[in-house]
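1. for reference, the sequence and a predicted model appear below.
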Amino acid sequence: MSRVTEFIFRRRGGRGWHWTDAFTWFWLIGGFVMMFGPAIWLVNSSFKSPAALAEFPPTILPYVTAAATVEGHEKPLPLYEVTQPDGSTKVLAEVRRVGTVAQMVDPAVPGETVRVNIQDRKPVREVAFAVTNYVQPFLSFDFFRYLRNSVFVTVMATIITLLTNSMAAFALSKYNFRGRSFVMLIIIATLMVPLSVILVPLYSAITAMGLSNSLWGVILPTVATPTGVFMLRQYMLTIPDELIDAARMDKASEWQIYWRIILPLTAPALAVLAIFSVVWRWNDFLWPLIVLTRRELFTLQIALNTYAGETNIQWHFLLAMTVVTMIPVVLVFVFLQRFITTGIAGAGLK
Amino acid sequence: MTVSSPRRVLSGAGAILMAPVALVARLLDPPLSALQRVGGTNGMAAFFLLPNMAVFGIFVLFPLVINIIYSMTGGTALFLTDRTFVGAAQYQRLFDCRSYVDPKSCTDDLFWTAVWNTAGFVVVQVVFMVVVALVTALVLNRDLKARSFWRAVFFFPVLLSPVVVGLVWRWILQRQGLLNFGLYELGLTPVNWLVERNWAFAAAVGVSIWAHVGFYALILLAGLQAIPKDLYEAAEMDGTRPARVFWRITLPLLAPNLLVVLVLVLIRAVQIFDEVYVLTGGGPGTATLYLTQYIYEVGFASFLRNPGLASAASILMGAVLIVLTLFQLGIARRNEMRGKR
Amino acid sequence: GDVRVMWYSDGVEGEVIKDLLDRFMKENPGINVILDDVGYKVVQEQLPVELEAGRGPDIARVTNLKTLADHWLDLTPHIADPAYWQANFGDQFDWMRPDGSKIIPGFMTQLTLTGGFANKTLFEQAGVEIPGADATWDEWVEAAGKVQESQQLNAAIAIDRSGHRISAPIVSYGGNYIGPDRMPAPIDEGVKTFARKLVEWTETGRMNKETWVSAAGTTYRAGIDDFINAQVAYYYSGSWQIAALSSKIGDAFDWVATGSPCGTEACTGLPGGAALVGIKYTQNPEEVGKVMDYLASEAVVKEFTERTLFLPAHKSVAAGALDFKTDDANVKGALDVFVKATGQVHPNANALPAWKWATPIYGVLVTRISQVMAGELSIDDAFVRIDEDIKAQVEAAQ
Amino acid sequence: MSRITLTDVSRAYGQVKVLHDINLDIQDGELIVFVGPSGCGKSTLLRLIAGLDRPTRGKIAINGQDVTRVAAADRGLAMVFQSYALYPHMSVRQNLAFGLENARMPKPEIEQRIAEAARMLEIEPYLDRRPGQLSGGQRQRVAIGRAIVRNPTAFLLDEPLSNLDAELRISTRAELAALHERLSATMIYVTHDQIEAMTLADRIVVLRAGRIEQVGTPLDLYNKPANLFVAGFIGAPRMNFLPAAVFPGSAGATIGIRPQHLRRADDGESTLKAKVMLIEQLGSETVVHGDADGHRLLAVLPGQQGLETGEEVMLAYDEENLHIFDENGLRAD
Amino acid sequence: MSRITLTDVSRAYGQVKVLHDINLDIQDGELIVFVGPSGCGKSTLLRLIAGLDRPTRGKIAINGQDVTRVAAADRGLAMVFQSYALYPHMSVRQNLAFGLENARMPKPEIEQRIAEAARMLEIEPYLDRRPGQLSGGQRQRVAIGRAIVRNPTAFLLDEPLSNLDAELRISTRAELAALHERLSATMIYVTHDQIEAMTLADRIVVLRAGRIEQVGTPLDLYNKPANLFVAGFIGAPRMNFLPAAVFPGSAGATIGIRPQHLRRADDGESTLKAKVMLIEQLGSETVVHGDADGHRLLAVLPGQQGLETGEEVMLAYDEENLHIFDENGLRAD
Ligand SMILES: Nc1ncnc2c1ncn2[C@@H]1O[C@H](COP(=O)(O)OP(=O)(O)OP(=O)(O)O)[C@@H](O)[C@H]1O
Ligand SMILES: Nc1ncnc2c1ncn2[C@@H]1O[C@H](COP(=O)(O)OP(=O)(O)OP(=O)(O)O)[C@@H](O)[C@H]1O
Ligand SMILES: O=P(O)(O)OC[C@H](O)CO
Ligand SMILES: [Mg+2]
Ligand SMILES: [Mg+2]
């Protein structure tokens, strides 16, 4: 069943290809490569050993040098493909390397050692996932406590954000009162204030209220985001005023109009804001870093930062945990994006 | 559709989650109705604004005002009480120039370098970001199979923290990165992307588009979906070609959301920092040194902070932003007036 | 009572300290030590804000020793044997206390020293002799340049993009930042000489452009990856890289630490390191003293050093035999070289960690020199700017 | 139970004055119908009474109490919107229940009222659909239902039956009349349908360009239209207007006669001669468009008349059915 | 110029079958009217013809060419939407011009067409307003105008006059008829208005629950309804149905007689006796709701009759006006 009219550009007549169809696929495939490619690579990288991560040129899949256990040697020996003087190649295991010469053995004939110039050998590599990148942090890292903190911050902040922002947006889109433009102006003007600009006074305010080293200190300053108010207000402008009239005739209180009429009809925009809020709060770094110094209060992002030292960043752990921390937001996105569907605000009108 | 389809289950879960919220909302009604009787219908506007404005006042406006005072103080101390009042000295330093278009002639050459770099970045970024976001939203708005999947594809980078974004692209773009490796394999000449001025600039723009376009596309998508279907039907009956449908129906009706995107893109372009910082570090030379990095370095990163100077610079930046945004809003308002239904 | 320790890690030292503290708590059941393992950024950017607000942990591992010196606790009344402290850590106390003060604020958990690393295998393959201990920078660059050409490397040498790193060679070339009034002096010939060399090496391709050019301001960039991937023959960084080099290079090639190349005046490295300090605002100074005493005790320092592969700051530990816990032969050799090099540090270099203006100058040098490398600024303009920048910093801080 | 009084009510949109000094006293329990050409201000007037809009000037009182500044929700009225304004995200059932829930009515009673309204409006099969899934007429019935279930003291109905088919319209009209009877609720009803206006109204208000032209009972208006406008507006097809000269011995300037009052002449009657221009067969009657001396003339003749275009017909009338108007268009008797 | 042929067209929304195997052949230049109860599928059928929706089964051809999968834009039809669907962001003028600009018509001609349509629909004063600033009827006229200006080969009109006042409705109806004449365009017209249907239609299609009940000329349907449903649906007020037993010597199961075909009896006529339950005075005629032996009976009597509720009246009829239906509700003669 083709719901033709949902197209902006529609497949004209349903037969043959319109240029917009071709373009759509071009964009989707291109988008997939461009947007998703690096992300996939990121995930692959999270399975690389520190050495492989530092490697030039980077590989797409995680590789390690293959190794074989050879009789007479305790540890597995790395395997190399050796070009022999006659030009043929052979896989040998390296016992040790001294300068430019490697001492190697044929795993099949463990007894005799061959000397090979290191320029004549190439490591035999195989794909191997460094699962330790994931396992290690789970063992040494208080993962579930950080997760709980992150979830608390994200959920509370998102709920409060949605509530306060949608209330303000409702007031700013559906009421005529003096000073409306002024309020709107202030809100938008403060959109421009980067957090770093007000960091210090903000920290003073939080400290004065006794909210430093408290999760609420992380949550509260973020919930009045002008972005949300602005976005919701613009969306609400598209809801016909007649519905509000109808509700008033139905003796609905203003609160009920907000709650029963406006909110459901704003669902698509709320879903967008919810997604953003979750992503923002989940990934928030700078502000929680300032407010939280006690480990038991750390959010995941702050905890992850532990892997960033002064001179050395443990990318292998950092990437692995980044991937893990991404999973919840991906799920949230998948859940919420279903609400970004056809707005129906006009459907009740003649 | 079977009863136990995952979709049903999900929305069922949603309903259960919503139940307590709905209860609270219902409990709130009697007191709020009483409030409404006292304050009148329009008085409720104040009530709806209150929570947001309270948080806003404490956590945004108040610090902002403090920040203005900050910019008139000097020294390295962090807390206002420990700082010395210097009046407009910080601003004087920033504005001490023989010619504003030539940063080299300024006392604070890096500030002006950052100003002009930022201006260039903003112009290019805003145009490309809006266009790419719009095209993406239009494509995603079509009746696609596996729509959620495609949405997720374009939104995915938004989930990544800026540091990871910068890092991943650094790995791709650095001299011995994935891209050059690919070029090399294809027999093309590798380019030192992050050391050539123009390429580094393109990379900064491109990567920040990559990282954020999903965000704006999503806003636009919600807006697109809100356009009543019957208008498209009417347009179709009017024999409208797709391009014209876009210009005459879609775009004007998308205007409120487009405005959101435009304002946000502009603001965020002016504030660009994290991912570019990780990607290019402001280089090559100072080619991608943007205002926020300047402010960050002056105010936080160097061992001898100069928070007063950073505040002054940030306030100048904010002032410019406000002017730009008001300009945008002014245009939008005129259109809105004409478009009032 | 509770003792909170703010700690950051570059490698395994977080786990080591946790072990040690667990042991301590078993022995001292009354004291609950909480280890807040944080990112370096917290220590660098957030701790100062807290300290200014008169709060913070009880103990912290910090690198910004001098600027924040006002916030450190004087441990003297709280530790068992101040003389032991003075004897073993005394040389570095001035790094972490206000000028002229005589307090004991804490101790260095490790020393660092800048120095070079050479890819021995590459040199061998190219048939180039590794320069000797008294080789100059020019000799090193020339030798590495030969390797570069013979092995078709991208560059000959790499130096971290850091003012700290280049200050060692600057001192070697006679540079001195500190004026007679202990305020920054205008930059001297030593600075200019080495700055010119850096620019020239970048222009001639001896140094990879991207490390220095592809960043602005004070941004730190390490050249380590090029060295790990055998893209350069010589890498100038510091002792703290040893563990990373070991784990990332593994068996790929042999490498050696070389100490610091010589200039006209010296062959010095630049010392540095992280200290564990008590915080003035603690509620439990007695307990803090106990914890510090424990961690500073010779056995503990020794174990910490051996397990972390750090250079010890403890006099008698350093003098004694150390059994570093590694089976990488390259590491042991390198550590020996660095331990030895600590003895050759030039006084001008030794003065820098205790000098409050050092870090601002590091930042200014990097900012401007890399602009010259990028072709945005002539070197002479850069020298003028450097002096102006430093002056502005001094003024702003008054 | 509401008596609604409008005093000097005006409303302008910017420069455009839409209502001019409306004075109207609607009795408690009265069913009053607003008619008037499209755009004359009927909906606007309704919105003012509802409280959805504020008059620019004038006063509105309910039961003697000034409600000009009282919010819509507090006026206790129910309204059927011309555009329906159904809540698109609610099912039909929820649409109907919404107002009742707001009044905190117990669930079972809500159920029962909805069931009753749904039966009456024949929308039972659609109770669980959303408005978007309904046909135009079905939506309109839901809109009516939403007002009905509330049992308000006064109804405001803006063309509530315009999208219904004849049969449904008649039955719904009857239901509304019955409802009016039963609740003795005041009803203000906007319609374009002559039959609706005539059959339902206690009084009809004829509006024109924002002014009241005449207020009276349906037969009053039909039999004694106060002016040419009302005469032309009430009654379908509209009244024929001819110069007085055409009627020998007549007073006034213009004479009006309704098409239904013309019949094919028997011998010796006072007659008009007309040439047949167009014939419309409606089944039960035939509409003849004629030309009488260059004047357009309509006649509605009973049954299916066998007439030909071009033919001449003699049309008779009774003197008492003539309406006489003076030069100003005002009724002359 | 379009001949439109529907073959076995069905349409379902999910489980709900809305149209069942519609077969219909609309001649070129014909004006065909769809009538039927609210929700019977008229709009849906129109949307299928327009190409805004696809049939679940069946074929649609225009001029013999299968267009089932052809996009709406390429079918060359114009449509008036029941919901108007005006472009909210464009002025009335722009709304009208839009379709013409799409066809790259020269500016002056666009101007001229708009002027003409605006005059015809009496919307000249509003040309520069936006739809949101118009009354319901004004909006509807703009919607009509948008279709008219295009001069298409076929029009689809979904209740285009429902929000217009009687006078405007009549004049617009006449304009549409003239337009149909002039352009000899095919018109498909949905209406609930009996008079509109009867006067405009070349043929009327009676729909019921997604099926065609009867297709024929207006008088055909009026005089010879094929079944009880059509008989009841066509003609207002609806036909009276009485058991055959009531009429002595009658065949069939049910006898129908139109209210207009009853008159007050003279002596010696075949009569029905009814008790007056309700009297509706329409001015030109009187509708009497009566009860004949427990059967509801409506009579439309000419003029203003002086009757009392409760009174008994004798009603006469002519045999030829009786409609006889068998047990299945089908016409018996
Ligand atoms: N999206 C939908 N989903 C389910 N049923 C629908 C949908 N749209 C319409 N219907 C149903 O299809 C039937 C036909 O609708 P349609 O709009 O064609 O009726 P109509 O004859 O135009 O009625 P009206 O005269 O009231 O406008 C109605 O019963 C309606 O409820
Ligand atoms: N927002 C507005 N701005 C300007 N004029 C308006 C506005 N709303 C309505 N009007 C005008 O006011 C007049 C009265 O409108 P109203 O809706 O009351 O008419 P109406 O009598 O209900 O007509 P209809 O029978 O067509 O529904 C109309 O001429 C209309 O164009
Ligand atoms: O200031 P906003 O609305 O852009 O908020 C953005 C988030 O808070 C960023 O973390
Ligand atoms: Mg109206
Ligand atoms: Mg319909």
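-> Arrived safely, thanks for sending. Ligands and ions are numbered 1, 2, ... in the order given.
2. now do the helices in the stretch 1-150 of chain D.
-> With DSSP state H, counting those that start in this stretch as the criterion, the stretch 1-150 of chain D has helices at D:42-50, D:92-102, D:107-121, D:136-148.
3. ok, which of those helices comes nearest chain E?
-> Ranking those by proximity to chain E (C-beta to the nearest C-beta) places helix D:136-148 first, at 2.7 Å. Glycine gets a C-beta too; all of them are placed from N, C-alpha and C.
4. how far out from the middle of the chain is that closest one?
-> Using C-alpha atoms, centre = their mean, to the nearest Å, we find the averaged C-alpha position of helix D:136-148 to lie 18 Å away from the chain's own average C-alpha position.
5. how about stretch A:217-225?
-> The gap between the average C-alpha position of stretch A:217-225 and the chain average comes to 20 Å, counting by C-alpha atoms, centre = their mean.
6. tell me which residues touch residue 294, please.
-> With no chain named, the answer covers chain A. Listed by C-beta atoms under 8 Å, 6 or more residues apart in numbering or on different chains, the contact set of residue A:294 reads A:213, C:4, C:34, C:36.
7. switch to chain B, that's the one I care about
-> The neighbourhood of residue B:294, defined by C-beta under 8 Å, 6+ apart, consists of B:110, B:111, B:114, B:313, C:217.
8. ok, residue D:199 next?
-> Applying C-beta under 8 Å, 6+ apart to residue D:199 gives the contacts D:173, D:177, D:218, E:280, E:282, E:287.
9. same check on residue C:376?
-> Counted by C-beta under 8 Å, 6+ apart, residue C:376 has contacts B:285, B:286.
10. helix, strand, or coil at it?
-> Secondary structure for residue C:376, judged by DSSP: H, G, I helix; E, B strand; the rest coil, is coil.
11. re earlier: using TSV, lay out the helices of the stretch 1-150 of chain D together with mean pLDDT and distance to ligand 3.
-> As requested, these are arranged in TSV below (pLDDT from 0 to 100; distance: least, C-beta to the nearest ligand atom, whole Å):
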stretch	mean pLDDT	distance to ligand 3
helix D:42-50	93	38
helix D:92-102	92	34
helix D:107-121	93	42
helix D:136-148	91	39
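12. rewinding a little: if you rank the contacts of residue D:199 by neighbours, which is first?
-> In terms of neighbours by other C-beta atoms under 10 Å in any protein chain shown, those top out with residue D:218 at 22 neighbours.
13. quick one: is stretch C:343-358 near chain A?
-> No - with C-beta under 8 Å from any C-beta of the partner chain as the criterion, chain A is not reached by stretch C:343-358; the gap is at least 14.5 Å.
14. ok, and what's touching that stretch?
-> By C-beta under 8 Å, 6+ apart, the residues outside stretch C:343-358 that reach it are B:304, C:65-67, C:92, C:94-95, C:99, C:113, C:167-168, C:171-172, C:175-178, C:182-184, C:259-260, C:265-273, C:390, C:393-394.
15. give me the phi and psi angles of the closest residue to chain E within the stretch 101-250 of chain C.
-> Across the stretch 101-250 of chain C, no residue is closer to chain E than residue C:216, which sits at 46.3 Å (C-beta to the nearest C-beta). Here the main-chain torsion angles of residue C:216 (degrees, to the nearest 10) amount to phi -120, psi 170.
16. ditto for the one 5 residues further on
-> Residue C:221 has phi and psi values of phi -130, psi 130 when expressed as degrees, to the nearest 10.
17. what's near enough to touch it?
-> The neighbours of residue C:221, taking C-beta under 8 Å, 6+ apart as the test, are B:281, C:160, C:161, C:162, C:211, C:212, C:214, C:215.
18. quick one: what helix or strand has the fifth one in it?
-> Pointing back at residue C:211 there. For residue C:211, the element it lies in under DSSP states H and E is helix C:209-213.
19. are the very next helix or strand once past that helix and chain A in contact anywhere?
-> Moving toward the C-terminus from helix C:209-213, the first helix or strand encountered (DSSP H and E) is helix C:224-228. Yes - part of helix C:224-228 sits near chain A under the criterion C-beta under 8 Å from any C-beta, namely C:224, C:225, C:226, C:228.
20. show me what from chain D comes close to ligand 1.
-> D:126, D:133, D:134, D:135, D:136, D:137, D:138, D:163 (C-beta under 6 Å from any ligand atom).
21. how does it look with 8 Å?
-> Residues of chain D lying close to ligand 1 (C-beta under 8 Å from any ligand atom) are D:125-126, D:129, D:132-140, D:163-165.
22. mean confidence for stretch C:101-113?
-> Predicted confidence along stretch C:101-113 averages 92 (mean pLDDT).
23. could I get the phi/psi values of residue 27?
-> You didn't say which chain, so I picked chain A. Taking degrees, to the nearest 10 as the convention, residue A:27 sits at phi -70, psi -40.
24. not counting residues beside it along the chain, what's closest to it?
-> Nearest non-adjacent residue to residue A:27, counting by C-beta to C-beta, 6 or more residues apart in numbering or on different chains: residue B:139, 4.7 Å away.
25. is that neighbour in a helix, a strand, or coil?
-> Secondary structure, three-state DSSP: residue B:139 is helix.
26. circling back to that earlier point, what's the closest of the contacts of residue A:294 to ligand 4?
-> residue A:213 (62.6 Å; C-beta to the ion).
27. residue contacts, that closest one?
-> For residue A:213, the contacting residues are A:291, A:292, A:293, A:294, A:297, by C-beta under 8 Å, 6+ apart.
28. break chain D into its domains for me.
-> With automatic domain parsing as the criterion, the domains of chain D are listed as D:4-232, D:238-325.
29. would you single out the least confident of these?
-> domain D:238-325 (a mean of 85).
30. any bit of that domain sitting next to chain E?
-> Yes - Domain D:238-325 is in contact with chain E by C-beta under 8 Å from any C-beta, via D:238, D:258, D:260-261, D:280-285, D:287, D:300, D:302, D:304.
31. narrow those residues to those in helices?
-> Secondary structure assignment by DSSP state H places none of the residues of domain D:238-325 next to chain E in helices.
32. need the max-distance pair from the residues you listed.
-> Based on C-beta to C-beta, the longest span within these runs between D:238 and D:304 and measures 22.5 Å.
33. more neighbours: which of those two?
-> More neighbours surround residue D:238 than the other of residue D:238 and residue D:304, with 19 against 16 (other C-beta under 10 Å).
34. which of the contacts of residue A:213 sits closest to chain B?
-> Using C-beta to the nearest C-beta, residue A:291 comes nearest to chain B of those, at 11.9 Å.
35. tell me how far the closest residue to residue A:126 other than its chain neighbours lies from ligand 5.
-> The spatially closest residue to residue A:126, leaving aside those adjacent along the chain, is residue A:66, at 4.7 Å (C-beta to C-beta, 6+ apart). Applying C-beta to the ion, to the nearest Å, one obtains 73 Å for the distance of residue A:66 from ligand 5.
36. many thanks, I have nothing further to ask.
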